[in-house]
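**Q** 3D model of this:
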Amino acid sequence: MNGVLHTSTLLRERPNYVLHQSPSKQHVSQSRLNNKPGLKQSSATESNLSSVTARASRQSAQEGTEATAVRPPAQDGNISGIWLKDEKASDMKAYERSLTHCMRMGSMEKETAMRLFEGMEVKHDSQGVKVSYLTVVPFFQVQEHFSFSQSTTMKRRDARPGAQTAEPAMALHGGVAMVLSWPPPLSGTLQDLFTLEGTDGQTLHVRSLINVEGRTNETLQVFRKADEWKPRYSWPFGSSR
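**A** A predicted model of the protein is given here:
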């Protein structure tokens, strides 16, 4: 598919992110990678890595490290929990552009995603990551599962007919990276990078790169950890509680 988004793209653009280095397993600051071009390319060390993950590893190697996916994920990178969206800290204009310009969502789907999508419940263990989107809309109950060992299929996030495919997720020191793709109608790819920010583990950033038939956009969504989800709105019509 044209315009495939490589996992290493977001990693390069996040200077403080760290990857597990192979074979020494030392942690290498991403800011150091860009200063060491031209190193010999390495192959993926696990035969069941997806082509997207393998390309990410090879590209990172060219920039100065033999980066591989790590399973199980680092303990300090576990993103489990209930995460409520901080709209003031998130780039909502860019998010809206992804929904309308790239994904061509209708008014109801856009309203749900913009206003009635209040957060996520994430379950993260050694096998993979399960993401359940929190909304009061009964017909927009989206759940996505990302395995660390194999590709998975699920309903499309844009609620159109058909399925989307998730490549094996990459468990990285400080977070998890996922790559989704789907066929026509409106075929495209979506790369998500979930990372814990700060030292208290209470803030989650989700950086996304989307490409739908050549229309691209990047977004940042910010989430705060909570003990429980108490919906701000009721259904129908999304009226405030």
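
**Q** so what strands line up beside the host helix or strand of T216?
**A** Using DSSP states H and E, T216 maps to strand 215-226. Sheet pairing of strand 215-226 (DSSP bridges) gives strand 81-85 (antiparallel), strand 203-212 (antiparallel).

**Q** Can you mark which positions in it are buried?
**A** The neighbour-count criterion (16 or more other Cβ atoms under 10 Å) identifies R215, T216, N217, E218, T219, Q221, V222, F223, K225 as the buried residues of strand 215-226. For the C-beta atoms, the positions are set from N, CA and C on the backbone; glycine is no exception.

**Q** Check the gap between the second one and A113 for me.
**A** Distance of T216 to A113, computed by Cβ to Cβ, to the nearest Å: 18 Å.

**Q** which stretches of this structure have low pLDDT?
**A** 1-76, 237-241 (pLDDT under 70).

**Q** First-to-last residue distance for stretch 135-144?
**A** One end of stretch 135-144 sits 14 Å from the other (Cα to Cα, to the nearest Å).

**Q** That stretch: which residues count as buried?
**A** T135, V136, V137, F140, V142, E144.

**Q** And for that stretch, what's in contact with it?
**A** Identification of contacts with stretch 135-144 by Cβ atoms under 8 Å, 6 or more residues apart in numbering yields 109, 112, 116-118, 130-133, 154-155, 157, 159, 166, 231, 233-235, 238.

**Q** For K93, what are phi and psi?
**A** The phi/psi pair for K93 (degrees, to the nearest 10) reads phi -70, psi -40.

**Q** do the same with L186
**A** Main-chain torsions, L186, degrees, to the nearest 10: phi 50, psi 60.

**Q** contacting residues around it?
**A** M103, R104, D158, R160, V212, E213.

**Q** so K85 touches V222, yeah?
**A** Yes - in terms of Cβ atoms under 8 Å, K85 counts as a neighbour of V222; the distance is 7.3 Å.
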